[in-house]
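**Student:** Sharing a sequence plus its predicted fold:
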Amino acid sequence: MINTLQLRNISKSFSGVKALTDVSFTIYGGQVQCLVGENGAGKSTIIKILAGFYKPDQGGEIVIDNEPVAFSSPRDSQNHGIAVIHQELLLVPHLTVAENISLGHWPKNNRKLVNWKDVEKRAEEALKMLGANIDPNAIVSSLSTGEQQLVEIARSLSRETRVLILDEPTASLSESETQRLMQIVKNLRDKGMAIMYVSHRLEEVFELADMITVFRDGKLVQSATKKEITPNNIVRLMVGRDVSLERTRKPVHGKKVLEVRNLTRKGAIENISFDLHEGEILGVGGLVGAGRTEIFRCLFGVDPIDTGEVIINGQKVNIKSPQDAIKHGIGFVTEDRKTQGLVLNASVKDNASISILNNIKRFGFIDQNREKEIVQSYKEQLRIKTPSLETAVNSLSGGNQQKVVLARWLATHPKILLLDEPTRGVDVGARAEIQAMIENLVAQGLAIIIISSDLMELLALSDRIIVMREGRNVAELKDDKITKEEVIKFATGADAS
């Protein structure tokens, strides 16, 4: 293990544009150093410098246990005991767990051939260190995302890692997988490992961090212990202005706008029933695979239902397609904006207006002035940061991409908005802005149903929560029953034990 890893006066420029400016901080063995900041603040550049992908500008240095080091490649960084677990996992899906753990570092026998017994033994030992009950001979593609992440960590431990860097490790994990990973991080810290943890989720940061380092615009603006700083202070430091994380809206529910009765799609959901009112946020809790997204897909006409009724404003409706859903005032922000929500190579304008093109035609042609006017109004309302409306949406940050998706559906003037993981993969500042927008929309009378694997977000936003388990609605929580413990109890089946 190491005592210290220091970054001294680290700067990095790309084509004359500074991504990092004079950054200095120290990571200690036996501590978790959490890095927070908006997308583009410099966190990823720090990671890539430590991983050996980038070299710092002249004048900056990396020092391990008082010895300056220079990395000329990722292998060089790994040889100094630094391992990075990226948000996008770097495993080979068709190989076994054991093969992935030894990939590139094969144990050899006397004849210089791969020693397959040692391959399996190495995997068993690394997985045991994590307390992970994973078969070394399992094919990686058969594992859950959380299990695959543990395999990646096990691989790093098998290579005498001294500094573990985790980049948004819980972005795609369920609540139970997140809790397991966080316990592993604590265990590794207690064994003396130096850990750098990058996350947009402040509740994780405050649970894990010994030190919190805040970045803004490529500069380190503050390092502090979690006792010396609050979540609101962190957001203010990150975005350069006050952004409240506290709930300000008082629930005022209007008339019933949606009634779902015994909604069933075989193999997905069964006998789902609930109501939704104007000015209300209904949360949907549950584990990954419990049927949450399947409800949205049925309500939006993506998937057909087998039995059940959908009633909007007192009238039974038959929704067989997304076009039917839009006609009845439903909008749907999907969980994966990049593959299901956006045309990445198209412009901000084209992405935001695609849902209303039929409504802004004159004599069979799109009224381009009206199109620009509408998109510009949502750009201002949602504070979308983009050089122009013609900018390709793939050049925007995750938070601004998500705002473009929101703009698309708000332009249809929906009465009911389905939000599936609306803040996944966005930074803390954008998360707070999107959550505030959701609150404002509901205050204006919109009815919203939200799915979020971020349990604290679900609790903070929801007026009521229905909990899904194995395709069924097993509980409805309201008032003082809206707690983390209650959601987990029903989602995991602990209520039945």
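**Tutor:** Nice, I can see it.
**Student:** Which helix or strand contains Leu417?
**Tutor:** Leu417 is part of strand 416-420 when elements are defined by DSSP states H and E.
**Student:** just the angle between the following helix or strand past that strand and strand 416-420, please?
**Tutor:** Sequence order places helix 428-443 as the next helix or strand after strand 416-420, per DSSP H and E. Counting by axes from the mean of the first three to the mean of the last three Cα atoms, to 10 degrees, helix 428-443 points 160 degrees away from the direction of strand 416-420.
**Student:** Convert the strand holding Leu417 to PDB, retaining C-alpha atoms only.
**Tutor:** Provided in PDB are the C-alpha atoms of strand 416-420 (Å, rounded to 0.1, in the frame of the first residue of the first chain):
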ATOM      1  CA  ILE A 416     -49.000  13.600 -18.100                       C
ATOM      2  CA  LEU A 417     -45.200  13.300 -18.200                       C
ATOM      3  CA  LEU A 418     -43.400   9.900 -17.700                       C
ATOM      4  CA  LEU A 419     -39.800  10.400 -16.500                       C
ATOM      5  CA  ASP A 420     -37.600   7.300 -16.500                       C
END
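**Student:** Might you calculate how far it sits from the centre of the chain?
**Tutor:** Per Cα atoms, centre = their mean, to the nearest Å, the displacement of strand 416-420 from the mean C-alpha position of its chain is 17 Å.
**Student:** elements contacting that strand?
**Tutor:** helix 292-299, strand 330-333, strand 447-451 (3 or more Cβ pairs under 8 Å, 6 or more residues apart in numbering; DSSP states H and E). C-beta: built from backbone N, CA, C; applies to glycine.
**Student:** Only alpha carbons, please: show the shortest one as CSV.
**Tutor:** The C-alpha trace of strand 330-333 is given here as CSV (Å, rounded to 0.1, in the frame of the first residue of the first chain):
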residue,chain,number,x,y,z
ILE,A,330,-48.7,11.9,-22.5
GLY,A,331,-44.9,12.5,-22.9
PHE,A,332,-42.2,10.0,-22.2
VAL,A,333,-38.6,10.8,-21.3
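**Student:** Touching it from outside, list them.
**Tutor:** Under the criterion Cβ atoms under 8 Å, 6 or more residues apart in numbering, residues 296, 299-300, 319, 322, 325, 341, 355, 402, 405-406, 409-410, 412, 414-420, 422 lie in contact with strand 330-333.
**Student:** what does the first one give?
**Tutor:** Counting contacts by Cβ under 8 Å, 6+ apart, the residues outside helix 292-299 that touch it are 260, 263, 265, 268-269, 272, 284-286, 303-305, 310, 319, 325, 330, 332, 335, 418, 420, 449, 451, 468, 471.
**Student:** filter these to the buried ones?
**Tutor:** 260, 263, 265, 268-269, 272, 284-286, 305, 310, 319, 325, 330, 332, 335, 418, 420, 449, 451, 468, 471 (16 or more other Cβ atoms under 10 Å).
**Student:** Give me the distance between Gln435 and Ile281.
**Tutor:** 10 Å (Cβ to Cβ, to the nearest Å).
**Student:** wait, Val97 sits on Val140?
**Tutor:** Yes: at 6.1 Å, Val97 counts as touching Val140 under the criterion of Cβ atoms under 8 Å.
**Student:** if I look at the two, which residues touch both of them?
**Tutor:** Contacts common to Val97 and Val140, judged by Cβ under 8 Å, 6+ apart, are Val151.
**Student:** Between these two, which is the more surrounded one?
**Tutor:** Ranked by neighbour count (other Cβ atoms under 10 Å), Val97 and Val140 place Val97 first, with 28 against 20.
**Student:** what are the phi and psi angles of that one?
**Tutor:** phi -60, psi -50 (degrees, to the nearest 10).
**Student:** what's near enough to touch it?
**Tutor:** Val97 is in contact with 123, 127, 134-138, 140, 143, 151, 154, counting by Cβ under 8 Å, 6+ apart.
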